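1. got a predicted structure here, sequence first:
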Amino acid sequence: MAVTFRVTYGECGEWVVLRVAGELDLATSPVLRRRVHDAVADGRHRIVLDLSEVVLCDSSGVGVLIAARRLLRSCRGRLRLILPGPGDVAGTSPPGGTGGGGGAHVNRVLATLGVRRLFDVHPDLGSATGEDPSPLSA
């Protein structure tokens, strides 16, 4: 069963919100990279990546997240990620998955690689776009 990949654009106050769903892998990560670059080129330097519906993230997906962080830091911008905690059920589980909703996989991948601490991670849109956000602990 093929999983459709999509990136949808939204705004919440001064934040651009890119909602990502599906598999973030070698074939799809250039789409997300392009959307982040387009937002920055439009002068938008506060970006939230909602990854709560991402069911798979490989090394190229992690590379895009790290590159987005680097790009936004270079222009004094902000990048925040929305990821459910390991026990949360959000989005859909991958076919044959072992529980945990979408986004929980990304959380595990980032933690396993030791790069989760590089990101400002939030449980939901309200937290990610709030003035005094409370990120999830690493």
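-> Received the coordinates, thanks. Being a predicted model, the structure only gives us computed values, none of them experimental.
2. the closest residue to Glu14 other than its chain neighbours: neighbour count?
-> Leaving aside its chain neighbours, Glu14 sits nearest to Arg46 (5.4 Å; criterion: CB to CB, 6 or more residues apart in numbering). (Each C-beta comes from the backbone N, C-alpha and C, glycine too.) Using other CB atoms under 10 Å, Arg46 has 17 other residues around it.
3. gap between Arg46 and Pro123?
-> Distance, Arg46 to Pro123, by CB to CB, to the nearest Å: 18 Å.
4. helix or strand right after the strand ranked longest in the chain?
-> Counting by DSSP state E, the longest strand found in the chain is strand 46-57. Following strand 46-57 in sequence order, the next helix or strand is helix 59-74 (DSSP states H and E).
5. how about that following helix: buried residues?
-> By 16 or more other CB atoms under 10 Å, the buried positions in helix 59-74 come out as 60-62, 64-65, 68-69, 71-72.
6. and it, what does it pack against?
-> Secondary-structure packing of helix 59-74 (3 or more CB pairs under 8 Å, 6 or more residues apart in numbering; DSSP states H and E): strand 15-24, helix 29-41, strand 46-57, strand 78-82, helix 104-113.
7. could you save those as a markdown table and add columns showing mean pLDDT and distance to Gly130?
-> Converted to a markdown table, the helices and strands packed on helix 59-74 look like this (pLDDT from 0 to 100; distance: least, CB to CB, whole Å):
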| stretch | mean pLDDT | distance to Gly130 |
| --- | --- | --- |
| strand 15-24 | 97 | 10 |
| helix 29-41 | 98 | 20 |
| strand 46-57 | 96 | 11 |
| strand 78-82 | 97 | 10 |
| helix 104-113 | 92 | 20 |
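8. would you format those as TSV with distance to Val3 included?
-> TSV is the format used below for those (distance: least, CB to CB, whole Å):
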stretch	distance to Val3
strand 15-24	5
helix 29-41	14
strand 46-57	6
strand 78-82	19
helix 104-113	12
